[in-house]
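Sequence first, then the predicted structure, then my questions.
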Amino acid sequence: MNSPANSTSDSTSDEHSAHDPQVELDKAIDATAKAFMVAHVSDDDGQLAQALVLNAGRIAWRLREKGLEQDTKTSISDVVTNADRAAERFIAAVLEGIRAEDGIVGEEGTRTRSRSGRNWVIDPVDGTYNFASGSDYWCSALALVRGAVDDPDEIIAAAVHRPAMGYTWFSGSGLRTTRDGKELAPIDDRTLDKSCVGTYLHPTCMDKEPTQRAWHSVLSNVATLRMLGAGSVDLASVADGTLHAWMQHSVPAWDWLPGKALVEGAGGATAIQFAGGVRWHIAGNQRTVAEIVDILKGTDHD
């Protein structure tokens, strides 16, 4: 039995927890997830994927309006906010509730083991630096895969939601890519010199000569380029023709798999090519991807 002193201490601790902003936020997210599960328990994988990114994006947007708490991870530009963590908590809670056999791999650290052979790969806020800076160039993204996350046998479903535009892109195994339910036109077939290419090269790589040379060898051959800071938005934009191709190195699964599915579902191609000491992830039409791969191969023989 607790002594009076311990009882007072426990009471004080409970009262403190009740007013802790993080505890309050966690409770609100868990309540939101429970309500979501009631409404979506019968969804198929595609319906669930789209609903999850839509609601995760809304959660992040609302938290940004209230004011963000922000930390850094690997560098000053690699940031994480309470909105990232809350959106991932929401998605994970839902999946643990209605897809309990599936595994989860989240950018912000969620890891659950798969008993079904399927894994959900989650990026709750892709483009967090943009997001935290007030830019609208960010999204919520996920992919459901069969097999190992780093090299899946199949991307069953993939969804990307960009809250500022209200767009939700969706695709999956054997499916044509859609944006807000409307099937996208096939990716335009054009050469690299007529293409607008999305890309990114971290400042710490600018003075790594082999990597910089490989990057420059491709980008010096394009019509124009964009460095916008959210890989899944970039790849969704390749799928819908806003960008024509994309190239970036050392891309983690949560930044690659959702957009890879969207591009391929719109009739495009993707590839991974080692050059300049790193692995380059490439997307676009068949011809442009082949051109980029050939250029990268050549850089390691110069």
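Thanks, I have it. Numbering: from 1, shown residues only.

With adjacent residues omitted, what lies nearest to Thr191?
Arg287 (6.3 Å; CB to CB, 6 or more residues apart in numbering). The way it works is simple: take the backbone N, C-alpha and C, and place the C-beta from them, glycine included.

That neighbour touches Asp193, doesn't it?
No - the pair Arg287 and Asp193 fails to qualify as a contact (CB atoms under 8 Å) at a distance of 11.2 Å.

For the residue nearest to Thr191, which residues are in contact?
189-191 (CB atoms under 8 Å, 6 or more residues apart in numbering).

can you put those in a markdown table and add secondary structure and pLDDT?
Below are the contacts of Arg287 laid out as a markdown table (DSSP: H, G, I helix; E, B strand; the rest coil; pLDDT from 0 to 100):
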| residue | secondary structure | pLDDT |
| --- | --- | --- |
| Asp189 | coil | 94 |
| Arg190 | coil | 95 |
| Thr191 | coil | 97 |
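
Out of the residues you listed, flag the one nearest to Ala39.
Asp189 (41.6 Å; CB to CB).

quick one on the thing from earlier: pull out the buried residues from the contacts of Arg287.
With burial judged by 16 or more other CB atoms under 10 Å, the buried subset of the contacts of Arg287 is Arg190.

Return the closest of the contacts of Arg287 with respect to Asn82.
Distances from Asn82 to the contacts of Arg287, taken by CB to CB, are shortest for Arg190, at 42.1 Å.

Without its sequence neighbours, what residue ends up closest to the closest one?
Arg190 sits nearest to His244 (CB to CB, 6+ apart), 6.1 Å away.

try Ala185
Ala185's closest residue in space is Gly241 (CB to CB, 6+ apart), at 7.0 Å.

tell me, how many neighbours does the one you found end up with?
15 (other CB atoms under 10 Å).

Same question for Gln248.
Neighbourhood size, Gln248 [other CB under 10 Å]: 22.

ok, it to Thr199 distance?
Using CB to CB, to the nearest Å, we find Gln248 at a distance of 6 Å from Thr199.

Tell me if Lys34 really is in a helix.
Yes - residue state for Lys34 (DSSP: H, G, I helix; E, B strand; the rest coil) corresponds to a helix.

can you tell me which residues contact it?
Going by CB under 8 Å, 6+ apart, the list of residues near Lys34 reads 93, 97.

and what of Asp84?
60, 107-108, 124-125, 128.

hang on, isn't the residue nearest to Arg190 packed against Thr288?
Yes - if you go by CB under 8 Å, His244 and Thr288 touch, sitting 6.7 Å apart.

Can you name the element that comes right after the longest helix seen in the chain?
As assigned by DSSP state H, the longest helix anywhere in the chain is helix 45-66. With elements assigned by DSSP states H and E, the helix or strand that comes after helix 45-66 is strand 70-72.

I'd guessed Phe131 sits against Ala60; true?
Yes - if you go by CB under 8 Å, Phe131 and Ala60 touch, sitting 6.9 Å apart.

hey, where'd the strands end up in the stretch 201-302 of the chain?
Secondary structure of the stretch 201-302 of the chain (DSSP state E, counting those that start in this stretch): strands at 224-226, 245-249, 269-275, 278-284.

In terms of secondary structure, what does the first one contact?
Right, the one you point to is strand 224-226. Where contact means 3 or more CB pairs under 8 Å, 6 or more residues apart in numbering; DSSP states H and E, strand 224-226 is packed against strand 196-200.

now the strand it packs on and strand 245-249, what's the angle there?
Between strand 196-200 and strand 245-249, the angle comes out at 20 degrees (axes from the mean of the first three to the mean of the last three CA atoms, to 10 degrees).

in its sheet, what does strand 196-200 sit against?
Here strand 196-200 has these sheet partners by DSSP bridges: strand 224-226 (parallel), strand 245-249 (parallel).

buried sites along the shortest one?
Put plainly, it is strand 224-226. Under 16+ other CB under 10 Å, the buried positions of strand 224-226 are Leu225.

for Gly298, what are its contacts?
Gly298 touches Ser217, counting by CB under 8 Å, 6+ apart.

go on, Leu63?
25, 81-83, 86.

same thing but at 6 Å, please
Going by CB atoms under 6 Å, 6 or more residues apart in numbering, Leu63 touches Ala83.

mind listing the helices in the stretch 1-150 of the chain by residue range?
4-18, 21-40, 45-66, 82-98, 128-133 (DSSP state H, counting those that start in this stretch).
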